[in-house]
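**Q** Sequence first, then the predicted structure:
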Amino acid sequence: MRTFYFSSRIICFFVSVLFFVTAAYAQTPLTSPAHIGFVYPLSSNGKNAAAYTNHFSLHIIAGVSKAETGAAIAGISNIIKDSATGVQVAGFSNHIGKTFHAVTVAGFMNQVKTSANGVMVASFLNLSGSLQGFQMAGFANLVRQDVKGTQIAGFMNMGANNSQAQVAGFANIVKKDANVQIAGFMNKAENVHTQITGFLNIAKKVKGVQIGFINIADSSECPIGVINIVKGGEKQVSVSIDETATTIASFKSGGRILYGILGVGYNFKDNPNPLYALQAGIGAHLPLLSHFRINAEATTLVLSDFKKGYYHRQTLGIFPAYRFGSRVEVFAGPTLNFVQTEHGVGAELSNHYVWSEHRNNDKFHGGYIGGTAGVQVRL
């Protein structure tokens, strides 16, 4: 009887020890100094690979792990369920829960589900919940939440907010606040410091400058473009005539100081063929008195008969302007002009060149001082 009682106590003791060891082991994270394999589950961590934290991983095709703290390299994909620090390199894609002080490089795509902290480089696409660091992609960087860093993409960058810079070949789109946006076609944000694009900028409040063909904003002190639709700015329709009898009807739009100019017109001199005009440029209002100011304008003008040759003129004008009432303004002033013509188109429009020369292939260059006068109506 005593022997049975003693044996029972020994068995209970070993069962208890085994239970606590198993529980402690289960609560201890699985770690591995190195994870080597072909493709899941053919690896050194086997079918439990998704539970391991590795210091180094190397897979011929694809690797699966809970976390990576050093380097993870895969021929096709790295799949990291939780977090990654260090370096992750994959021939095709990286799929990670979150990164911290990491460099993530993929031949095609990087996907970080929650927060990305570090550098992400992909030949096609970077996807993340938020970003703190740097993203570069051949096609697009798409971030669902805030970006505290720089995004560079061949086509598009997107984010909720961006505190640094976005550079894209086509478009940058931010839902709320942005700092600097540079794109080949379009930039869009609510509040932004600087937008530079080849065609269209859209914002609500611009603290710095907008540079583009079309700028749209609720408030922007320095829009630099041909068409500027600023809610608190100034828009005018203008008709002017210069010393060559070229008459231009133009639309002038911008902020309190800078504005853009886009105009069309016709030359009324007796030319062998009718000459039609297209004008574009930028200007600045320089207020002096309540109804008197100076408008400084830099424009380029093209005259064409749509047959052969061209007349191209760059003009810098200083125009004192007086406003009658609140809408009508008359202006007149001197201009400095530089002319380039081909095949004699428009070369005789002015006969008082300060400097001129004829070049080969029937080209003519010259410079002269002229004048322009006109009237404009504020819309």
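**A** Alright, I've got the coordinates.
**Q** Show me the protein divided up by domain.
**A** Structural domains annotated on the chain: 27-123, 153-232, 234-378, as defined by automatic domain parsing.
**Q** Can you classify G208 as helix, strand or coil?
**A** The three-state assignment at G208 reads strand, by DSSP: H, G, I helix; E, B strand; the rest coil.
**Q** Was I right to think it contacts H193?
**A** Yes - G208 lies in contact with H193 (C-beta atoms under 8 Å); the separation is 4.4 Å. Glycine gets a C-beta too; all of them are placed from N, C-alpha and C.
**Q** Report the secondary structure element holding A321.
**A** Using DSSP states H and E, A321 falls within strand 310-324.
**Q** got the contact list for that strand?
**A** With contact meaning C-beta atoms under 8 Å, 6 or more residues apart in numbering, strand 310-324 is reached by 275, 281, 291-304, 329-342, 345-347, 349, 370, 372.
**Q** Can you give me the buried ones in the helix or strand just after it?
**A** For strand 310-324, the following helix or strand on the C-terminal side (DSSP H and E) is strand 328-342. Neighbour-count burial for strand 328-342, counted by 16 or more other C-beta atoms under 10 Å, picks out E329, F331, G333, T335, N337, V339, Q340, T341, E342.
**Q** how much distance is there from strand 328-342 to the middle of the chain?
**A** 35 Å (C-alpha atoms, centre = their mean, to the nearest Å).
**Q** ok, now stretch 128-145?
**A** 13 Å.
**Q** Where does pLDDT dip in the stretch 151-300 of the chain?
**A** Across the stretch 151-300 of the chain, nothing is flagged by pLDDT under 70.
**Q** for this structure, what's the longest strand?
**A** strand 52-74 (DSSP state E).
**Q** What ranges does the stretch 251-379 of the chain have for its helices?
**A** With DSSP state H, counting those that start in this stretch as the definition, the stretch 251-379 of the chain shows no helices.
**Q** before we move on, back to that, right, so the domains of the chain: which one is the most enclosed?
**A** Of all these, domain 153-232 has the most neighbours on average by mean count of other C-beta atoms under 10 Å, namely a mean of 21.
**Q** End to end on that one, go ahead and measure it.
**A** The first and final residues of domain 153-232 sit 33 Å from each other (C-alpha to C-alpha, to the nearest Å).
**Q** How about stretch 160-180?
**A** Rule used - C-alpha to C-alpha; the end-to-end distance of stretch 160-180 is 14 Å.
**Q** And the contacts of it?
**A** Residues contacting stretch 160-180 (C-beta under 8 Å, 6+ apart): 143-159, 181-194, 196.
**Q** go with 7 Å
**A** 144-159, 181-194 (C-beta atoms under 7 Å, 6 or more residues apart in numbering).
**Q** Rebuild the domains of the chain as a markdown table, extending it with distance to G138.
**A** Shown next, in a markdown table, are the domains of the chain (distance: least, C-beta to C-beta, whole Å):
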| stretch | distance to G138 |
| --- | --- |
| domain 27-123 | 5 |
| domain 153-232 | 5 |
| domain 234-378 | 34 |
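**Q** For L131, find the nearest of those domains.
**A** For L131, the closest of the domains of the chain is domain 27-123, at 4.9 Å, according to C-beta to C-beta.
**Q** roughly how far out does the closest one sit from the chain middle?
**A** 31 Å.
**Q** what does stretch 308-315 give?
**A** 33 Å.
**Q** next one: stretch 287-305
**A** The answer for stretch 287-305 is 30 Å, by C-alpha atoms, centre = their mean.
**Q** which residues sit in contact with the nearest residue to C222 once chain neighbours are set aside?
**A** Once flanking residues are discounted, C222 sits nearest to V209: 4.3 Å by C-beta to C-beta, 6 or more residues apart in numbering. Counting by C-beta under 7 Å, 6+ apart, V209 touches T194, C222, I224.
**Q** any chance of these in CSV, plus distance to S43 and secondary structure?
**A** What follows is the contacts of V209, written out as CSV (distance: C-beta to C-beta, whole Å; DSSP: H, G, I helix; E, B strand; the rest coil):
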residue, distance to S43, secondary structure
T194, 49, strand
C222, 59, strand
I224, 58, strand
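**Q** As TSV, these with distance to L200 would be great.
**A** Below are the contacts of V209 laid out as TSV (distance: C-beta to C-beta, whole Å):
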residue	distance to L200
T194	15
C222	17
I224	13
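**Q** Let me know the closest of the residues you listed to K231.
**A** Using C-beta to C-beta, the contacts of V209 come closest to K231 at C222, 15.1 Å.
**Q** for the closest one, what are its contacts?
**A** V209, G255, I257, L258.
**Q** Make sure the second one is actually in contact with P223.
**A** If I follow you right, that is G255. Yes - G255 is within contact range of P223, at 5.4 Å (criterion: C-beta atoms under 7 Å).
**Q** list the residues that contact both of those two?
**A** Contacts common to G255 and P223, judged by C-beta under 7 Å, 6+ apart, are V230.
**Q** before we move on, back to that, just the contacts of stretch 160-180: which are in helices?
**A** Using DSSP state H, no member of the contacts of stretch 160-180 sits in helices.
**Q** In strands, which of those residues appear?
**A** 146-153, 156-159, 181-183, 186-188, 191-194.
**Q** Just confirm K47 is within a strand.
**A** No - under three-state DSSP, K47 sits outside any strand and is assigned helix.
**Q** Pull up the gap between the nearest residue to it once chain neighbours are set aside and E68, please.
**A** Distance criterion C-beta to C-beta, 6+ apart; nearest residue to K47, sequence neighbours excluded, is P41 at 4.3 Å. Noted for P41: a distance of 17 Å to E68, by C-beta to C-beta, to the nearest Å.
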